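# please find the sequence and the predicted model below.
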Amino acid sequence: MADVALWLTVIVLVLSAVLLVSCLKRVLVAATSIPPKIDAIAGVAAAASKDLDAVAVLLTTQGYIKSIRASVLDYGGSLDAALPDY
């Protein structure tokens, strides 16, 4: 009876080892697939950061538009008087 229990224990241990190796292999495959994805994300992030460089230009452009608008509004009444209606 002890021999049967010993053989059952050996079989369970071997099956557990095979299952463990299988799981570790899947983890290794998943882990090795990560770096290419990280490189792809890094490329997209670099391109997106270049797009954000234009935000500073937009902010200065908004300031110019506000000052031009104020200047045009100051001359608005004068332009109506100076230009004849056709």
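Nice, thanks for sending it over. Numbering: from 1, shown residues only.

# check residue 81 and give its pLDDT.
The score at residue 81 is 63. That number is its pLDDT.

# next up, identify which helix or strand residue 62 is on.
Assigned by DSSP states H and E, residue 62 belongs to helix 54-82.

# ok, residues contacting stretch 26-35?
Residues outside stretch 26-35 that contact it (Cβ atoms under 8 Å, 6 or more residues apart in numbering): none. Glycine gets a C-beta too; all of them are placed from N, C-alpha and C.

# average model confidence for that stretch?
Over the span of stretch 26-35, the pLDDT mean works out to 92.

# okay, domains of this structure per the record?
Following automatic domain parsing, one gets these domains for the chain: 1-51, 53-86.

# output these in TSV, with mean neighbour count appended to each entry.
As requested, these are exported to TSV (neighbours: other Cβ atoms under 10 Å):
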stretch	mean neighbour count
domain 1-51	9
domain 53-86	9
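
# can you flag the weakest of those by average pLDDT?
Sorting the domains of the chain by mean pLDDT places domain 53-86 lowest, at a mean of 71.

# so who does residue 21 touch?
Residue 21 makes no contacts at all, as judged by Cβ under 8 Å, 6+ apart.

# for it, give its distance to residue 28.
Between residue 21 and residue 28 the distance, using Cβ to Cβ, to the nearest Å, works out to 10 Å.

# please apply the same query to residue 48.
When distances are taken as Cβ to Cβ, residue 48 and residue 28 turn out to be 32 Å apart.

# residue 43 too?
Computed as Cβ to Cβ, the residue 43 to residue 28 distance reads 25 Å.

# then residue 60?
52 Å.

# and residue 69, by the same measure?
For residue 69, the distance to residue 28 equals 63 Å [Cβ to Cβ].

# can you pull the phi and psi angles for residue 33?
Residue 33 adopts backbone torsions of phi -80, psi -10, taken as degrees, to the nearest 10.
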